[in-house]
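Participant: Pasting the sequence and the predicted coordinates here, then a few questions.
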Amino acid sequence: MRTQVAVIGAGPAGLLLAHLLRRGGVDAVVIETRSQEYVAARIRAGILESSSVELLESAGLGARLRAEGHEHRGIHLQMPGERHHLDFVDLAGRGVWLYGQTEVQKDLVAAGTAEVCYEVTDVALHGLETDRPAVTYVDADGVARRLDADVIAGCDGSFGPSRAAAVPRQAFERVYPYSWLGILADVAPSTDELIYAWHPDGFALHSMRSDTVSRLYLQVPNGTDPADWSDDRIWDELATRLGDGEDGWKLTPGPITDKSVLPMRSHVRTPMRHGRLFLAGDAAHIVPPTGAKGLNLAIADVALLSRALVELLRSGDPRLADSYSDDALRRVWRCTHFSWWMTTMLHASGDPFDAQLQLSQLRWVTTSTAGATGLAENYAGLPLEL
Ligand SMILES: Cc1cc2nc3c(=O)[nH]c(=O)nc-3n(C[C@H](O)[C@H](O)[C@H](O)COP(=O)(O)OP(=O)(O)OC[C@H]3O[C@@H](n4cnc5c(N)ncnc54)[C@H](O)[C@@H]3O)c2cc1C
């Protein structure tokens, strides 16, 4: 089989890239190891920056987002005894949208633009340093296949083969000494907008997926087994860290439907290209979820990459493809810094000196317009072209 762009991975990066390429008149085929149902149901990110929303709208994917998503003007930042609302719209001129990654994924599948082969195995990349790269795999019926292409797009996340095939000049990594215990609960959120809470026992976050489903997180030590956390223990700890009872605020518990532990790390590999292989999304970089940037970075990467590949493959102009890695990395590093900053400002390290610095930083962010605006600009998202 032959196509212009062989896309590996049908997560948000891969499906959106194929969608944008098709709209730009470039042919693409996506291969994915998981089933369509599995990919569609995977619970992950939930916050879209304004530039991600604009891009999805301009790609014809905004109707359900506008109808069913919720626009948030900002977030609540909390320290024991104090809760402050940061209004991003007032501070930075734009808010964010609550719309789950699963919903973005469903919209991409419903658009039906991408040709996707699900449940493939034994994916291998070939000829990356030639102008005839190829991907081999075994399809869902057990038949060995070869997909010849002009370009391969590695959108297969942090454990896929693309990352391993792209020999990095440099790889940067920071592993944090804590994880998140995340739950989904069938209960209306106890807050209108997300609450980010600093607490001496550890960070807590109250997020949501809809009017009837809450998403909450607790900082826990690395290696935590979710089975060690009963539902009652989770709700008690959330109540303590989120300040149940303070100023009359109540956390309403409900049935927990999902419980998982998410380790936290930052990782960037440069360049985001190796010959005819271009990396996008988690295949090229990972951020801890504190800044809500993972999904938004994947969207920003493919916005740049789709333009570059349309220019390369339709007009024969390689300039955007040649600058793709540098162009994308400017935003990647900004988001990597912001995610690191939010993470280290909000998580308890056990060191009393760190705790005082964190509280001082939080007081500055919540009382100074300059401090609040810096957080608002980064959280609500910077323009696609930085
Ligand atoms: C458990 C979890 C929770 C998260 N929570 C948040 C959050 O709360 N907020 C936030 O902003 N971000 C969060 N993220 C990050 C965010 O979901 C990712 O940044 C985003 O999914 C990146 O999209 P992607 O398409 O680059 O990668 P992915 O979504 O990982 O998609 C990669 C795809 O490639 C496929 N694949 C893998 N190997 C192969 C192969 N050999 N061949 C073909 N296909 C392959 C995978 O099955 C997958 O479908 C979370 C991530 C995880 C893992």
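Facilitator: Great, that's in hand. Note that the structure is predicted; figures quoted are calculated from it, not measured.
Participant: and the protein, which residues reach the ligand?
Facilitator: Residues of the chain lying near the ligand by C-beta under 6 Å from any ligand atom: 8-14, 31-34, 39, 44-46, 101, 123, 155-157, 160-161, 262, 281-282, 289, 292-295, 298. C-betas here are computed from N, CA, C, even on glycine.
Participant: Please flag which of these sit within helices.
Facilitator: When DSSP state H defines the helices, the subset of the residues of the chain next to the ligand inside them is 12-14, 39, 101, 161, 294-295, 298.
Participant: wait, what's in contact with A380?
Facilitator: 49-50, 88, 92, 94-96 (C-beta atoms under 8 Å, 6 or more residues apart in numbering).
Participant: give me that answer again for 6 Å
Facilitator: 50, 88, 92, 94, 96 (C-beta atoms under 6 Å, 6 or more residues apart in numbering).
Participant: hang on, the fourth one in a strand?
Facilitator: When you say that, I think you mean R94. No. According to DSSP: H, G, I helix; E, B strand; the rest coil, R94 belongs to no strand; its state is coil.
Participant: Now it. Nearest residue, chain neighbours left out?
Facilitator: S50 (4.1 Å; C-beta to C-beta, 6 or more residues apart in numbering).
Participant: on that earlier part again, with the contacts of A380 in mind, which one is nearest to L329?
Facilitator: S50 (21.6 Å; C-beta to C-beta).
Participant: how far away is the closest one from A280?
Facilitator: 20 Å (C-beta to C-beta, to the nearest Å).
Participant: again with Y217
Facilitator: Counting by C-beta to C-beta, the gap from Y217 to A280 is 26 Å.
Participant: quick one, which of those two is more surrounded?
Facilitator: A280 (33 against 20; other C-beta atoms under 10 Å).
Participant: My read is that the more buried one contacts A300, right?
Facilitator: No. In this structure A280 lies outside contact range of A300 using C-beta atoms under 6 Å: 9.2 Å.
Participant: Most neighbours of all the ones in helices among the residues of the chain next to the ligand, which one?
Facilitator: Of all those, the highest neighbour tally under other C-beta under 10 Å goes to G14, namely 31 neighbours.
Participant: Name the nearest residue to that residue, sequence neighbours excluded.
Facilitator: C155 is the one closest to G14 (C-beta to C-beta, 6+ apart), at 3.5 Å.
Participant: hang on, that neighbour packs against L16?
Facilitator: No. Assessed by C-beta under 6 Å, C155 is found out of contact with L16, at 8.7 Å.
Participant: which regions of the stretch 151-300 of the chain lie under the pLDDT threshold?
Facilitator: Scanning the stretch 151-300 of the chain for pLDDT under 70 picks out no residues.
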